[in-house]
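Participant: Predicted structure and sequence below. I'll ask about it afterward.
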Amino acid sequence: MGYDKNENEELIKWGWPEDVWFHVDKLSSAHVYLRLNPGQTINDIPKEVLEDAAQLCKANSITGNKTNNIDVVYTMWSNLKKTPSMDVGQVGFHRDKEVYKIHVEKRINEIVNRLNKTKEDKKLNFREERENRDRLERNEEKKRMKEEQRKQREEIEKRRKEAELRSYDSLFVEQSMQTTNKDNTGYDSDDFM
């Protein structure tokens, strides 16, 4: 969660592709991020987790915290659009169809208190975190590609050996033909007629 609009700006800039962004709709609030596990999609988020993120957004909105019946919007980080004309911390969306809403009727203190108990204040270098993540992803991709190339080489070699076994070429190697008809019968083939 962004501490202020400047930290929100850093989160917008250095978010991860697997981050889901939450914000109170049409009001000022904290930017809350939920990091999905590999292979998860926005549709895999449990209802309870959506409720937690929405309550966190509401609790960290000056106006939204005091207002009942608000909406919290959420979308994948990659759908956030930032233009130079926007204020610090302000965002738009590339595709409105990929923005979801969750309605929050009122603040549920039990949820907010539970989340605040687990809160950790850390000063992170978002750029460094993102670059480390990207480096690990590139290394994994390189490993995957090398493994794929190794398997392809093995398959090519396997096919080559199978083709060699089916071929008659190996039967007609001069070293295999060390005897002649004359050697086997005592007659030269020219003498046959």
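Facilitator: The structure has been received and is ready for your questions. Quick caveat, the model's predicted, so the values are computed rather than measured.
Participant: got any ranges where this protein has weak pLDDT?
Facilitator: Low-confidence segments of the chain (pLDDT under 70): 169-193.
Participant: per-domain residue ranges of it.
Facilitator: The chain breaks down into these domains under automatic domain parsing: 5-123, 125-170.
Participant: Now Ile111: phi and psi?
Facilitator: phi -70, psi -50 (degrees, to the nearest 10).
Participant: Please name the residues that touch it.
Facilitator: Taking C-beta atoms under 8 Å, 6 or more residues apart in numbering, we find Ile111 in contact with 51-52, 55. Where you see a C-beta, it was placed from the backbone N, CA and C, and this is true even at glycine.
Participant: Mind checking which of the residues you listed land in helices?
Facilitator: 51-52, 55 (DSSP state H).
Participant: Which secondary structure elements does the helix ranked longest in the chain sit against?
Facilitator: Identified as the longest helix of the chain according to DSSP H is helix 126-166. Contact here means 3 or more C-beta pairs under 8 Å, 6 or more residues apart in numbering; DSSP states H and E; on that basis helix 126-166 packs against helix 5-14.
Participant: Residues contacting the helix or strand just after the helix it packs on, please?
Facilitator: Downstream of helix 5-14, the next assigned helix or strand under DSSP states H and E is strand 19-24. The contact list for strand 19-24 (C-beta under 8 Å, 6+ apart) reads 15, 29-36, 42, 45, 53-54, 56-58, 61, 64, 70-77, 79-80, 91.
Participant: Quick one, which of the residues you listed are buried?
Facilitator: 15, 29-34, 36, 45, 53-54, 56-58, 61, 64, 70-77, 79-80, 91 (16 or more other C-beta atoms under 10 Å).
Participant: Can you tell me which of those end up in helices?
Facilitator: Those of the buried ones among the contacts of strand 19-24 lying in helices (DSSP H): 53-54, 56-58, 64.
Participant: Any chance of those residues in TSV with distance to Asn132 as columns?
Facilitator: Converted to TSV, these look like this (distance: C-beta to C-beta, whole Å):
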residue	distance to Asn132
Ala53	24
Ala54	30
Leu56	26
Cys57	27
Lys58	32
Gly64	33
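Participant: of the residues you listed, closest to Glu147?
Facilitator: Proximity to Glu147 was ranked across those by C-beta to C-beta; first place goes to Ala53, at 37.1 Å.
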